[in-house]
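Chemist: what follows is a predicted protein model with its sequence.
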Amino acid sequence: MSVSGRIPSPKPALLTRITAIRTPEQDRETLVALNHHYVRSVGEADTAWFETSLAKDFLNTNPDETLMGRAAFIAQTSRVSGLRNIREHAAVVRPFGDFAITHARTTVQQPDGLEGGGRYTNDWLVREGSWRCVSARVTRL
């Protein structure tokens, strides 16, 4: 309390931090959308989305167990794969403050016309005020 008996006004920086607080519901909505766009971007070879959404130190584990960094992953995604109708299903989004894990399965029409699919897990971290994917693990069924 101040000498005058009044509560002093908070400093502007404190107000900025308070108004920037995210709710778990907002985080869940954001992560559901990011999860959808991650899969969409794979199917559409949308490297621009990955450029803005992957952390600089992103790592991906491929189904064959190879590990690749951000640049290699984006290059791999940029190549036309022949996959069509890739969709995410049964997504489970688990936010833990500034960290989150998404689990889901995918279905896809392969170049030979057969349906394929797999599962993936992505790890997300808030960096500089935005969610960034820091790691991914992909398996095929």
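Modeler: Ah, there it is. Numbering: from 1, shown residues only.
Chemist: which stretches of this structure aren't confidently modelled?
Modeler: 1-20, 80-82 (pLDDT under 70).
Chemist: quick one: the helices in it?
Modeler: With helices called from DSSP state H, the chain shows them at 12-19, 24-44, 47-53, 70-78.
Chemist: quick one: closest of those to Gly117.
Modeler: Gly117 sits nearest to helix 24-44 of all the helices of the chain, at 11.3 Å, using Cβ to Cβ. Where C-beta positions appear, they are placed from N, C-alpha and C, glycine not excepted.
Chemist: looks like Ala90 contacts Arg105 (just checking).
Modeler: Yes - if you go by Cβ atoms under 8 Å, Ala90 and Arg105 touch, sitting 5.5 Å apart.
Chemist: so for those two, which sits in the more crowded spot?
Modeler: Higher neighbour count among Ala90 and Arg105: Arg105, with 15 against 9, using other Cβ atoms under 10 Å.
Chemist: can you give me the first-to-last residue distance of stretch 60-67?
Modeler: 6 Å (Cα to Cα, to the nearest Å).
Chemist: contacts for that stretch next, please.
Modeler: Residues from elsewhere that reach stretch 60-67, judged by Cβ atoms under 8 Å, 6 or more residues apart in numbering: Leu59, Met68, Gly69, Phe73, Gly118, Ser135, Ala136, Arg137, Val138, Thr139, Arg140.
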